[in-house]
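Undergrad: my questions are about this predicted structure, shown below with the sequence.
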Amino acid sequence: MPLPSWVPIREDLRGFEPYGAPQLPGLIGLNVNENPYAPSEAVADDIAAAVRAAALGLNRYPDREAVELRERLAQYLGHGLSAQNVWAANGSNEVMLQILQAFGGPGRAAVSFAPTYSMYPEYARDTHTRWVTGRRAEDFSVDPQEAVELIKAEQPDVVLLTSPNNPTGTALPLSTVEEVLEVAPGVVVVDEAYAEFRRAGTPTALELLDTHPRLLVTRTMSKAFALAGGRLGYVAADAAIIDALRIVRLPYHLSAVTQAAATAALAHADELLAQVDALREARDELAAWLGERGYAVAESDANFVLFGRFEDRHAVWQGLVDRGVLIRETGPEGWLRVSVGTPEEMNAFYTALMEVDPR
Ligand SMILES: *Cc1c(COP(=O)(O)O)cnc(C)c1O
């Protein structure tokens with residue numbers, strides 16, 4: 001529904017719809033890359049106890065700098081990082097918005113490589129940052145030579161690399177990140193929302209932080225950590241970059257409840273991450289199954305697989321919905337994305353897909 005014309009919204013926002021994947025309750029949800037395994041009763045009890053303790057102080061504003069939580073996050077990341085190298089917000093989406101608020105803006109540009117995460121252009125729009133997209137290769141990799149040329153030509157203030165990339169699952173070699181850092185005049189952000197799912201031997205850009213002060217690596221508790229509902233994302237970078245982000249954050253942006261819940265969840269990192277290995281195996285099985293049935297399958301280091309090609313992908317998506325399975329109609333035309341679920345959920349997907357699209 002377009003806004004009525006009397007609503008005096010910014011002209012450049014007129015005609016837009018609020019963004020988001022369809023939320024269809026009651027279906028098997030394989031559409032937003034959540035961890036299908038809920039926290040256990042014991043973890044829930046600890047989170048509840050921490051939130052209760054926080055509730056007794058809710059008459060006061062929370063710790064504006066979320067120091068304890070940032071310390072825990074730094075410990076979790078390792079790589080010699082400390083609280084001053086980590087910043088947290090309500091999901092890594094808020095972190096990304098803060099990055100564009102601090103480093104993008106009017107007269108400034110951001111570059112990314114499509115197909116990639118569909119939220120980035122919205123944050124660029126909202127912050128009046130000029131949005132430039134390079135293209136990924138046929139196999140969804142980023143050609144370092146082309147990336148370097150585009151960055152030299154556009155001189156962007158922000159480069160956004162997503163690894164593993166959404167919706168393709170593609171991880172970037174560190175050499176590509178290094179080549180980009182070499183020529184980028186501004187900050188380089190590597191969005192590692194799916195890092196915990198990467199295959200053995202795939203490195204993390206955290207390794208480059210020591211030697212590259214303009215590098216930012218974003219992470220989230222929404223995916224591997226099974227805490228999408230807790231809304232906690234974070235970024236690791238040089239302490240001076242973190243200080244720049246602190247300039248644009250809202251005061252008390254992270255509620256005491258969020259800080260308490262996330263800190264309690266982090267104390268159970270091992271348990272919350274325990275299903276990651278099973279999910280990686282299920283991902284590889286899913287990719288192999290799709291390949292055997294003759295689909296094109298993008299190589300994935302994440303907890304989802306992009307597959308195709310379909311002449312009418314919407315019809316396939318709808319056919320699956322009609323059979324109770326919700327996947328995502330996203331990515332390049334002709335492709336669909338499915339998240340990795342529990343074995344029961346995967347079987348439901350396999351059965352439904354064979355019915356909808358017998359091959
Ligand atoms: C899911 C996802 C995120 C995480 O978003 P949150 O706000 O932390 O839930 C970030 N980046 C990409 C590319 C994603 O797919």
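TA: All right, it came through fine.
Undergrad: mind giving me the domain ranges of the protein?
TA: For the chain, automatic domain parsing gives the domain ranges 11-30+275-356, 41-271.
Undergrad: residues contacting F307?
TA: By Cβ atoms under 8 Å, 6 or more residues apart in numbering, the contact set of F307 is 290, 295-298, 335-338. Glycine gets a C-beta too; all of them are placed from N, C-alpha and C.
Undergrad: next, it: phi, psi?
TA: In terms of degrees, to the nearest 10, the main-chain angles of F307 are phi -140, psi 160.
Undergrad: what mean pLDDT does the one helix or strand D45 maps to have?
TA: In this structure, D45 sits in helix 41-55 according to DSSP states H and E. Per-residue pLDDT values over helix 41-55 give a mean of 98.
Undergrad: the helix or strand that that helix is followed by near the ligand anywhere?
TA: Moving toward the C-terminus from helix 41-55, the next helix or strand (DSSP H and E) is helix 67-77. No - Helix 67-77 stays clear of the ligand (Cβ under 6 Å from any ligand atom), getting no nearer than 12.7 Å.
Undergrad: ok, now which ones touch the residue in the chain positioned nearest to the ligand?
TA: Among all residues of the chain, G91 sits closest to the ligand, at 2.5 Å; criterion: Cβ to the nearest ligand atom. When contacts are counted by Cβ under 8 Å, 6+ apart, G91 touches 220, 222, 231-233.
Undergrad: tabulate the residues you listed in TSV, adding columns for distance to the ligand, pLDDT and neighbour count.
TA: Converted to TSV, the contacts of G91 look like this (distance: Cβ to the nearest ligand atom, whole Å; pLDDT from 0 to 100; neighbours: other Cβ atoms under 10 Å):
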residue	distance to the ligand	pLDDT	neighbour count
T220	3	98	24
S222	3	98	22
R231	7	98	20
L232	7	98	30
G233	4	98	22
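Undergrad: of all those, which two lie farthest apart?
TA: By the measure Cβ to Cβ, T220 and R231 form the most distant pair in the contacts of G91, at 9.3 Å.
Undergrad: my guess is P156 meets V187, correct?
TA: No - contact status for P156 versus V187: not in contact, 9.3 Å apart, counting by Cβ atoms under 8 Å.
Undergrad: CA atoms of the lowest-mean-pLDDT helix or strand in the chain as PDB?
TA: Each helix and strand of the chain was given a mean pLDDT (mean pLDDT, DSSP states H and E); the minimum falls on helix 269-272 at a mean of 93. Coordinates of the C-alpha atoms in helix 269-272 are reproduced here as PDB (Å, rounded to 0.1, in the frame of the first residue of the first chain):
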ATOM      1  CA  ALA A 269      28.400 -20.200  23.700                       C
ATOM      2  CA  ASP A 270      29.500 -23.800  23.500                       C
ATOM      3  CA  GLU A 271      26.000 -25.100  23.900                       C
ATOM      4  CA  LEU A 272      24.400 -22.600  21.600                       C
END
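Undergrad: specify the local secondary structure of E146.
TA: Assigned with DSSP: H, G, I helix; E, B strand; the rest coil, E146 falls in the helix class.
Undergrad: let me see the contact set for it.
TA: 134-135.
Undergrad: related to what we said a few turns ago, give the buried residues for the least confident helix or strand of the chain.
TA: Within helix 269-272, the residues scored as buried using 16 or more other Cβ atoms under 10 Å are L272.
Undergrad: cool, and stretch 277-293?
TA: By neighbour count, with 16+ other Cβ under 10 Å as the criterion, the buried positions of stretch 277-293 are 279-280, 282-283, 286-287, 289-290.
Undergrad: can you check stretch 46-55 too?
TA: Of all the residues in stretch 46-55, those buried under the rule 16+ other Cβ under 10 Å are 46-47, 50-51, 54.
Undergrad: what's the farthest-apart pair in these?
TA: Using Cβ to Cβ, these span at most 12.7 Å, a distance reached by D46 and A54.
Undergrad: distance from the chain centre to stretch 224-243, please.
TA: Distance of stretch 224-243 from the chain centroid (Cα atoms, centre = their mean, to the nearest Å) equals 11 Å.
Undergrad: just the CA coordinates for stretch 61-75, please, in PDB.
TA: What follows is stretch 61-75, C-alpha atoms only, in PDB (Å, rounded to 0.1, in the frame of the first residue of the first chain):
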ATOM      1  CA  TYR A  61      19.400   3.800  32.200                       C
ATOM      2  CA  PRO A  62      21.600   0.900  31.000                       C
ATOM      3  CA  ASP A  63      25.300   0.900  30.600                       C
ATOM      4  CA  ARG A  64      25.600   3.200  27.600                       C
ATOM      5  CA  GLU A  65      28.900   1.600  26.500                       C
ATOM      6  CA  ALA A  66      27.800  -2.100  27.200                       C
ATOM      7  CA  VAL A  67      31.300  -2.800  28.500                       C
ATOM      8  CA  GLU A  68      30.700  -6.200  30.000                       C
ATOM      9  CA  LEU A  69      28.900  -7.500  26.900                       C
ATOM     10  CA  ARG A  70      31.700  -6.100  24.700                       C
ATOM     11  CA  GLU A  71      34.300  -7.800  26.800                       C
ATOM     12  CA  ARG A  72      32.500 -11.100  26.500                       C
ATOM     13  CA  LEU A  73      32.200 -10.700  22.700                       C
ATOM     14  CA  ALA A  74      35.900  -9.800  22.400                       C
ATOM     15  CA  GLN A  75      36.700 -13.000  24.400                       C
END
